[in-house]
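**Q** when you get a sec, could you give me coordinates for this:
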Amino acid sequence: MTLTTERTAAPARLEQRPFGLIRHSLALAGRSVIKTLRTPEQLIDVTLQPILFLIIYVFLLGGAVSGSTEEYLQFLLPAIMVQTVMFGGMATGVNLNTDIKKGVFDRFRSLPIARSAPLIGSVLGDLIRYVVAIVVLMGAGAALGFRVQTGLVPTLAACLLTIFFSFCLSWAFVLLGVLMREPGGVQGTSFVVLFPLTFGTSMITPKDTLPGWLQAWLEVNPVNHAMEAARALMLGGPTAGSVVWTVVSGLVFLAIFAPLAVAAYRRRA
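**A** Alright, predicted model coming up:
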């Protein structure tokens with residue numbers, strides 16, 4: 001009885017120690033990275049998928065929307081970067097749900113670590129997916145003729161802003177991963193959430209070509225502001241408004257979904 005009580009109390013005590021939580025989360029993030037590197041087929045959605053999206057959109061819609069594929073590539077790539085990284089965050093919830101079903105998290109619960117550490121570790125470990133997605137997309141874009149108009153520092157800022165926003169939003173997928181019973185349910189629900197957020201934007205066509213009701217949605221859609229911020233940082237133009245919108249909305253997502261995900265995981269545990 002005493003041993004059981006001590007094991008139950010250990011995660012609570014460790015969660016009160018920030019350095020212990022950080023250390024354990026980073027260790028589990030390392031596990032997630034190793035797992036991804038040993039099964040590189042998990043990176044298909046952030047390697048082949050963005051290239052396919054880019055090629056299909058540019059050569060199918062470029063002439064009709066912008067008059068030339070070259071101009072459309074400049075317009076499209078920053079927005080595709082945001083979409084691709086967000087889709088990469090969806091895999092966090094799917095992989096988390098798979099680990100829970102396989103009993104991996106039962107082992108984590110038996111360890112003297114904070115209950116939130118496995119969730120934080122999963123999210124941090126999947127940051128490698130975001131980096132791979134951006135590198136692959138920028139390389140493909142450069143091969144097709146995309147050229148940054150602002151410079152290295154603003155471009156890095158656009159990449160970091162995209163990663164930050166997707167990291168915050170990924171906690172919504174973590175919540176789904178904890179709540180859903182099957183990985184397929186996590187993936188299907190995530191697509192339902194992502195499609196109006198990513199395609200209800202100015203990603204494919206300029207805002208002024210859209211009907212009024214859709215323009216009103218773009219004004220409040222945080223993903224659209226993230227895409228506009230990436231465009232402004234990489235191609236030039238007003239940046240402050242879109243960047244502030246993206247940072248604030250990301251922090252709101254984090255403040256809402258991270259505590260909910262941890263609470264749901266504790267109840268499930």
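
**Q** so residue 243 touches residue 228, yeah?
**A** No - in terms of CB atoms under 8 Å, residue 243 does not count as a neighbour of residue 228; the distance is 9.2 Å. C-betas here are computed from N, CA, C, even on glycine.

**Q** looking at these two, which one has more neighbours?
**A** More neighbours sit around residue 228 than around the other of residue 243 and residue 228, counting by other CB atoms under 10 Å; the figures are 26 against 20.

**Q** once you drop chain neighbours, what's closest to the more buried one?
**A** Nearest-residue entry for residue 228: residue 242, 4.3 Å, with adjacent residues in sequence omitted and distances by CB to CB, 6 or more residues apart in numbering.

**Q** do residue 235 as well
**A** Using CB to CB, 6+ apart, the nearest residue to residue 235 is residue 149, at 4.7 Å.

**Q** buried ones in the helix or strand where residue 138 lies?
**A** Per DSSP states H and E, residue 138 falls inside helix 127-144. Of the residues in helix 127-144, those buried under the neighbour-count criterion (16 or more other CB atoms under 10 Å) are 127-130, 132-134, 136-138, 140-141, 144.

**Q** and the helix or strand following that helix with helix 127-144, angle?
**A** Per DSSP H and E, the first helix or strand lying C-terminal to helix 127-144 is helix 152-179. With axes from the mean of the first three to the mean of the last three CA atoms, to 10 degrees as the criterion, the two stretches helix 152-179 and helix 127-144 enclose an angle of 130 degrees.

**Q** for helix 152-179, packing partners?
**A** helix 69-102, helix 117-125, helix 127-144, helix 183-199, helix 222-235, helix 240-268 (3 or more CB pairs under 8 Å, 6 or more residues apart in numbering; DSSP states H and E).

**Q** for the shortest one, the averaged confidence score.
**A** Yep, that's helix 117-125 we're talking about. Averaged over helix 117-125, pLDDT sits at 82.
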